[in-house]
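J.: predicted model and sequence follow; I will ask about them next.
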Amino acid sequence: MAYVQGLFSWTDIAVPDTEAGKDFYTQLFGWTAADQYDPEGNYIYTLFFKDGKMAAGMGKQPPELQAQGMPPMWNSYINVESVDDIVAATEANGGTVVMPAMDVMASGRMAFIADPSGGVVGLWQAGEHRGADIFNAPGAMSWNELATRDVEAAQAFFGPVLGWEFEKVEGMEYWTIHLRHKVEGDGDADDDFNGGMIAMDENWPDEIPAHWMVYFNVEDTDRAVAKLQELGGNISVPPFDTSAGRISVVNDSQGGTFSVIAPSQASTEG
């Protein structure tokens with residue numbers, strides 16, 4: 001995959017028990033796990049691979065977040081040419097810097113920001129790590145979606161900051177995100193989709209904040225959900241059909257939330 005600014009390229013999760021996390025996700029998605037250590041031999045991160053291709057990552061949730069009862073969460077990361085420039089643009093356009101820019105050894109430079117509606121997302125300036133090697137295949141990330149109560153504010157932020165464009169889906173309070181130079185930057189890309197935004201209405205519980213949801217592709221949603229339950233996971237939203245495919249919102253065995261989707265034949269997600 002070419003390195004294109006504004007494109008979602010990576011996802012990871014921080015969990016209290018990384019051994020349990022490896023056991024859960026390797027069985028659910030057929031991933032293999034490779035632990036990473038610092039020069040002193042201390043665990044720092046796990047890379048997950050699908051069919052030999054890098055798919056996602058996992059780290060240890062800090063004890064202070066565990067003490068606060070903060071649930072694990074899958075993070076979405078966006079390619080940027082300069083984290084520092086996007087952090088400055090975030091502040092200039094009404095966003096918030098949640099975690100300041102920092103170097104991750106030789107892997108790259110990162111930060112976390114929130115748009116004015118509150119959705120937190122990661123920024124990634126690649127060093128040696130350029131993101132996932134597999135997308136839109138079973139066991140790989142296929143979609144990133146912002147759920148927000150203020151779509152207008154979010155779009156007004158991401159348009160100038162990352163160059164995203166938006167198209168409303170007819171008959172729905174849903175917008176697809178487009179990155180026009182995606183295809184130009186990646187000869188393997190056959191569309192310019194770069195995720196979506198959904199308006200949170202009165203049916204969403206008040207305690208759920210704006211957030212980015214990570215979707216993983218599966219061959220059969222019902223079978224994947226059944227396997228997830230066998231592994232100690234839970235269902236937040238039972239499987240349902242959409243024009244894009246059959247979706248379910250689920251939690252892993254430690255409470256980490258994500259969605260699975262078996263794309264429909266007519267789906268144009270990419």
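T.: All right, it came through fine.

J.: mind listing what residue 60 touches?
T.: 14-16, 18, 43 (CB atoms under 8 Å, 6 or more residues apart in numbering). The C-beta positions use only the backbone N, C-alpha and C, and glycine is treated the same way.

J.: 7 Å instead, please
T.: By CB atoms under 7 Å, 6 or more residues apart in numbering, the contact list for residue 60 reads 14, 18, 43.

J.: dump the residues you listed to JSON lines, plus secondary structure.
T.: Listed next are the contacts of residue 60 as JSON lines, based on DSSP: H, G, I helix; E, B strand; the rest coil:
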{"residue": "14", "secondary structure": "strand"}
{"residue": "18", "secondary structure": "helix"}
{"residue": "43", "secondary structure": "strand"}
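
J.: buried members of those into ChimeraX, please.
T.: Command for ChimeraX that selects the buried part of those, burial taken from 16 or more other CB atoms under 10 Å:
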select :14,18
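
J.: now the contacts of residue 60 in a markdown table, please, with extra columns for distance to residue 54 and pLDDT.
T.: Formatted as a markdown table, those follow (distance: CB to CB, whole Å; pLDDT from 0 to 100):
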| residue | distance to residue 54 | pLDDT |
| --- | --- | --- |
| 14 | 18 | 97 |
| 18 | 17 | 97 |
| 43 | 18 | 95 |
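
J.: check residue 265 and give its pLDDT.
T.: pLDDT recorded at residue 265 is 72.

J.: that one and residue 117, how far apart?
T.: 34 Å (CB to CB, to the nearest Å).

J.: follow-up on the earlier one: tell me which of the contacts of residue 60 is nearest to residue 238?
T.: Of all the contacts of residue 60, residue 238 sits closest to residue 14, with 26.8 Å by CB to CB.

J.: and stretch 143-159, how far out from the chain's middle?
T.: 14 Å (CA atoms, centre = their mean, to the nearest Å).

J.: kindly apply the preceding question to stretch 172-184 instead.
T.: Stretch 172-184 sits 16 Å away from the centroid of its parent chain (CA atoms, centre = their mean).

J.: neighbouring contacts of that stretch?
T.: Contacts of stretch 172-184 (CB under 7 Å, 6+ apart): 4, 6-7, 151, 164-169, 189, 192-199, 201.

J.: so which helix or strand takes in residue 228?
T.: Following DSSP states H and E, one finds residue 228 within helix 221-230.

J.: quick one: the helices in the chain?
T.: For the chain, applying DSSP state H gives helices covering 18-29, 63-67, 83-92, 151-162, 182-185, 221-230.

J.: report the inter-axis angle for the third one versus helix 151-162.
T.: For helix 83-92 and helix 151-162, the angle between their directions (axes from the mean of the first three to the mean of the last three CA atoms, to 10 degrees) works out to 140 degrees.

J.: many thanks, I have nothing further to ask.
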